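Chemist: Need coordinates for the following:
(one chain, ligands or ions: 2)
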Amino acid sequence: MSTPARNISAVPEPAPAPRISDEEALNLYYWMVLTRATEERALNLYRQGKLPGSYYTGRGQEAISVGMAAPLRRGADGDWLSPWIRDLGSYLVHGVPVWRMFAQFMGKAGSTTRGKDGNLHIGGYEWNIPCQVSHMADMIPLTVGAALAYKQRGEDRVAVTSFGDGATSRGDFHEGLNIAAVLEVPAVFVAENNRWAYTTPISKQTKVTDLYKKALGYGIPAIEVDGNDVLAVYSAMSEAVAHCRAGRGPRFIECKTYRMAGHAAHDKYESYMPMELLAEWSDKDPLKRLEQALREERTIDEAKLEGIRTKVKDEVHEAVERADDDGFADPSEAHLGVFAEADTDA
Ligand SMILES: Cc1ncc(C[n+]2csc(CCOP(=O)(O)OP(=O)(O)O)c2C)c(N)n1
Ligand SMILES: [Mg+2]
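Modeler: Ligands and ions are numbered 1, 2, ... in the order given. Below you'll find the predicted structure:
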């Protein structure tokens, strides 16, 4: 008699997360509004020719960027966070001041790279955020290395990285996940499945369009969540982080979402993206969703939400002014921070 086939795609159910308090939910709202307002302002500055390069928006993915960073410990001794280009909110939540984001986009001295790099290639030891390189999936093995260091030192810290659906078709993704599973490191992998990699729809770059299944193939517990629901992302992330801190190895979270614009501001997405899908996903806008949940399920008053929006408007205004007033780094600094000093005692 033949053995019945096993269901190898079974996904472990996440433990039911406790309902977060109204205060925590409002805090998530603040970060999401700040993320959206910062991006909208940056995009306007780009259109006015005030930002060099292009602008890569994460509009529609704020629930992921904020929800994944919010449960982490911040600071130099906190958790490692290596966010993807859609995750401006992650940088803000993990501690990077808004004005330094604008300074980065403008190439000013106050940017974390002192004007050497643009976009979200932002980092600093004080936040335990490594400065990312553009190459898709390259931050995954680095994150695994950081997680391995925490494990070897007996620290209960977690290393987190996020990446797009396109990155899951690259070798570093597979090697990184495999070794993370084998070494049982405290790493959380957050896949942002926005259905596009530049102009390539997901169906043309992978046969496994449910990305969490790739992680299951390496023996990593993996789940999928609604990436437009910040409360769902926050719960899944809180649970994954607790699992890692308890020494139970890596976790993988796939956030299903949609890219609400072109790859970057210079990309004419109207020529290849179905407009009806954009309209459908704009009804699922993560900010509208959270506002609705706050008003209807938690009966939070509109004045409170308006107060948060006003505070954010002022903060963004001040941040742009400060970045505008900032100077450019002296050209003589160009070679600094490029090479590490040799350790002569080694
Ligand atoms: C190894 C590598 N190949 C190509 C590129 C150029 N590139 C930058 S982003 C991108 C698409 C990324 O798609 P995805 O991983 O789905 O992330 P998304 O932009 O959708 O957030 C490409 C092809 C790159 N940065 N690295
Ligand atoms: Mg993508």
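Chemist: Only C-alpha atoms from now on, for both contacts and neighbour counts.
Modeler: Fine.
Chemist: what residues does the chain put near ligand 2?
Modeler: For the chain, the residues in contact with ligand 2 under the definition Cα under 5 Å from the ion are 164-165, 194, 196-197.
Chemist: Out of those, grab the one that's most surrounded.
Modeler: The residue in these with the most neighbours, by other Cα atoms under 10 Å, is residue 165 (26 neighbours).
Chemist: That one touches residue 195, doesn't it?
Modeler: Yes: assessed by Cα atoms under 8 Å, residue 165 is found in contact with residue 195 at 6.9 Å.
Chemist: coming back round to it: format the residues of the chain next to ligand 2 as CSV; extra columns: pLDDT, secondary structure and distance to ligand 1.
Modeler: Listed next are the residues of the chain next to ligand 2 as CSV, based on pLDDT from 0 to 100; DSSP: H, G, I helix; E, B strand; the rest coil; distance: Cα to the nearest ligand atom, whole Å:
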residue, pLDDT, secondary structure, distance to ligand 1
164, 98, strand, 3
165, 98, coil, 4
194, 98, coil, 6
196, 98, strand, 5
197, 98, strand, 3
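Chemist: Can you give me the neighbour number for the residue nearest to residue 222 when sequence neighbours are not counted?
Modeler: In this structure, residue 222 finds its nearest non-sequential neighbour in residue 252, 4.5 Å apart by Cα to Cα, 6 or more residues apart in numbering. Residue 252 has 27 neighbours, counted by other Cα under 10 Å.
Chemist: what do you get for residue 118?
Modeler: Counted with other Cα under 10 Å, residue 118 comes out at 24.
Chemist: Next, the buried residues of the helix ranked longest in the chain.
Modeler: Looking across the chain with DSSP state H, the single longest helix is helix 22-47. Judged by neighbour count using 16 or more other Cα atoms under 10 Å, the buried positions of helix 22-47 are 25-26, 28-39, 41-43, 45-46.
Chemist: Which is the succeeding secondary structure element to that helix?
Modeler: Next along the chain after helix 22-47, taking DSSP states H and E as the criterion, comes helix 62-69.
Chemist: other SSEs contacting that following helix?
Modeler: Packed against helix 62-69 by the contact rule (3 or more Cα pairs under 8 Å, 6 or more residues apart in numbering; DSSP states H and E) you find helix 22-47, helix 88-93, helix 230-245, helix 286-292.
Chemist: ok, residues contacting the last one?
Modeler: Among residues not part of helix 286-292, those counted as contacts by Cα atoms under 8 Å, 6 or more residues apart in numbering are 29, 32-33, 60-63, 228-230.
Chemist: among those, which ones are buried?
Modeler: By neighbour count, with 16+ other Cα under 10 Å, those hold 29, 32-33, 60-63, 228-230 as buried.
Chemist: ok, these vs residue 261, which is closest?
Modeler: Checking the buried ones among the contacts of helix 286-292 against residue 261 with Cα to Cα, the nearest one is residue 60 at 8.9 Å.
Chemist: isn't that closest one right up against residue 230?
Modeler: No: with contact defined as Cα under 8 Å, residue 60 does not count as touching residue 230 (11.1 Å).
Chemist: All the helices of the chain, in order from the start?
Modeler: Ranges of helices in the chain, per DSSP H, are 22-47, 62-69, 88-93, 98-106, 139-152, 171-183, 212-216, 230-245, 275-282, 286-292, 302-325.
Chemist: Next, format the buried ones among the contacts of helix 286-292 as CSV and append distance to ligand 1.
Modeler: Shown next, in CSV, are these (distance: Cα to the nearest ligand atom, whole Å):
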residue, distance to ligand 1
29, 22
32, 18
33, 20
60, 11
61, 9
62, 12
63, 14
228, 14
229, 17
230, 18
